[in-house]
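> Curious how this folds, go ahead:
(one chain, ligands or ions: 1)
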Amino acid sequence: MIKVQVAAIRSSLPATTALIAVSKTHPIERIMEAYEAGQRDFGENKVQDLVEKYEALPKDIRWHMIGHLQSNKVKYIAPFVHLIHGVDSFKLLLEINKQGQKIQRKIPCLLQFHIAQEETKFGLSMDEATALLSSPDFNNMQHILPCGVMGMATFTENTAQIREEFQSLHAIYQQLKSRCFPSNPEFKEISMGMSDDYPIAIEEGSTLIRVGSKIFGSR
Ligand SMILES: *Cc1c(COP(=O)(O)O)cnc(C)c1O
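Next comes the predicted model:
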């Protein structure tokens, strides 16, 4: 079932969109089923699970940290994490940079934006991001690799609203790209779309979809 789902989703994607299989709460054996179907990008939202699964599973898996990341836990994932999706504060950026410096690695990050109407979701506003990116401190961070943006749409049946929120993230990406990262080819990712809304996200320019329950079943 997992293999069939992975294959079906992957074959439906345009060449510009990659699938991250969100394996949070699911055991090693189930992750291996997706791996055997050719899946190599996996996402977790807790540092401890990410580390445990990294240690137990094949080393060619690209691990994505998709959840809220506390500064004091960056050190555990800094050596191996493929991409940190949820960067939404200066404090967290500073810590990622510090840990990257220790191990001489530029750590790939996405800036998370608040695009949903719900108040509970994490993320920056455009003003906050502009302030952060234009500060001299940011320019001194040599061990951060800014790779793009991430966001979550409102949990709603209203597909027009979801589409608008994804459009707003795409617009944010384009503004940042032209203002702050015009000569950074690695600033190219728009991480948006989950099990219930990824087809809309793809239509609105997603380059990374994060799909959990549609692959692994409900948690
Ligand atoms: C859990 C999670 C997902 C996947 O959610 P599904 O609805 O199971 O596809 C995607 N992104 C983030 C940030 C998550 O926490």
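> so where is the chain shaky, pLDDT-wise?
The chain contains residues with pLDDT under 70 at 120-121.
> Write out the residues of it neighbouring the ligand.
Counting by CB under 6 Å from any ligand atom, the positions of the chain adjacent to the ligand are 22, 24, 45, 66-67, 152, 194-196, 210-214. Where C-beta positions appear, they are placed from N, C-alpha and C, glycine not excepted.
> Buried members of those into ChimeraX, please.
Here is the ChimeraX command that selects the buried residues among the residues of the chain next to the ligand (16 or more other CB atoms under 10 Å):
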select :22,24,45,66,67,152,194,195,196,210,211,212,214
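> contact partners of stretch 152-160?
Residues from elsewhere that reach stretch 152-160 (CB atoms under 8 Å, 6 or more residues apart in numbering): 115-118, 121, 123, 161-162, 165-166, 192, 194, 197, 200-201.
> Quick one, which of the residues you listed are buried?
Ile115, Ala116, Lys121, Gly123, Ile162, Glu165, Phe166, Met192, Met194, Asp197, Ile200, Ala201.
> Farthest pair within those residues?
Longest distance between any two of those is 18.6 Å, between Gly123 and Ile200; criterion CB to CB.
> quick one, strands of this protein?
Using DSSP state E, the strands of the chain run over 18-22, 41-44, 62-65, 83-87, 107-113, 144-151, 189-191, 208-211.
> Met1 is nearest to which of those strands?
strand 18-22 (13.4 Å).
> quick one on the thing from earlier: pick out whichever of the contacts of stretch 152-160 sits closest to Thr16.
Out of those, the member with the shortest distance to Thr16 (by CB to CB) is Ala201, at 12.0 Å.
> who touches the residue nearest the centre of the chain in this structure?
By CA atoms, centre = their mean, the chain has its centre lying nearest to His85, at 3.2 Å. The contact partners of His85, by CB under 8 Å, 6+ apart, come to Gly43, His64, Met65, Ile66, Leu110, Gln112, Met150, Ser191, Arg210.
> On the strand side of things, show who the last one bridges to.
Meaning Arg210. With DSSP bridges as the criterion, Arg210 is bridged to Ile20.
> do the third one as well
Each beta-bridge partner of Met65 is listed here: Glu44, Ile84, as defined by DSSP bridges.
> picking that back up, quick check: which of the strands of the chain is nearest to Ser71?
When those are compared by CB to CB, strand 83-87 sits nearest Ser71, at 10.8 Å.
> need the contact list for Leu13.
With CB under 8 Å, 6+ apart, Leu13 has these contacts: Leu19, Ile202, Ile209.
> The ligand versus that one, what's the distance?
15 Å (CB to the nearest ligand atom, to the nearest Å).
> same check, this time on Ser11
18 Å.
> Same question for Ser135.
26 Å.
> Kindly report the same for Glu118.
From Glu118 over to the ligand the distance is 13 Å, taken as CB to the nearest ligand atom.
> what's the closest non-adjacent residue to that residue?
Among residues not flanking Glu118 along the chain, Thr154 sits closest, at 5.6 Å (CB to CB, 6 or more residues apart in numbering).
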